[in-house]
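J.: Below is the structure, and that's it, no one-letter string:
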């Protein structure tokens, strides 16, 4: 199998989170609210649309922010630096 990309980086996905609405002020229309952040075992990713069930799914044409990747190492560093215990990445 050949790759169309010059570089490949193996990744391990530890969590898949979706949320049906916005909880923070953003450039996205609408007011923030208190929406659940759901940790899913599986999520359907649709090309050009995002993650089905998430607030950014089918947000607008040519939007390039449907999925955010957050490094596990960054989460662990924040947890340690801020002396946080028993928290989840959500």
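T.: Sure thing, it's come through. Fair warning: this is a prediction, and the values are worked out from it, not measured in the lab.

J.: going forward, measure contacts and count neighbours with C-alpha atoms only.
T.: Fine.

J.: can you tell me the helix or strand for the nearest residue to residue 89 once chain neighbours are set aside?
T.: Excluding the flanking residues, the one nearest residue 89 by CA to CA, 6 or more residues apart in numbering is residue 75, at 6.7 Å. Using DSSP states H and E, residue 75 sits in helix 72-81.

J.: Tell me the spacing between the most centrally placed residue in the chain and residue 40.
T.: The structure's the chain has its C-alpha centroid closest to residue 68; by CA atoms, centre = their mean the separation is 3.9 Å. As defined by CA to CA, to the nearest Å, residue 68 lies at a distance of 15 Å from residue 40.

J.: cool, and residue 87?
T.: Counting by CA to CA, the gap between residue 87 and residue 40 amounts to 17 Å.

J.: coming back round to it: I'd say the residue nearest to residue 89 and residue 87 touch.
T.: No - using CA atoms under 8 Å as the test, residue 75 is too far from residue 87 to be in contact (10.1 Å).

J.: Can you get me a residue count around residue 67?
T.: Counted with other CA atoms under 10 Å, the neighbours of residue 67 add up to 15.

J.: pLDDT score assigned to residue 16?
T.: On pLDDT, residue 16 comes in at 91.

J.: check contacts around it.
T.: In this structure, residue 16 makes contact with 39-43, judged by CA atoms under 8 Å, 6 or more residues apart in numbering.

J.: Just the buried positions in stretch 58-75, please.
T.: Buried residues in stretch 58-75, defined by neighbour count with 16 or more other CA atoms under 10 Å: 58-59, 66.

J.: got the residues you listed as CSV, with secondary structure and distance to residue 22 columns?
T.: Conversion of the buried residues of stretch 58-75 to CSV gives the following (DSSP: H, G, I helix; E, B strand; the rest coil; distance: CA to CA, whole Å):
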residue, secondary structure, distance to residue 22
58, coil, 15
59, coil, 12
66, coil, 13
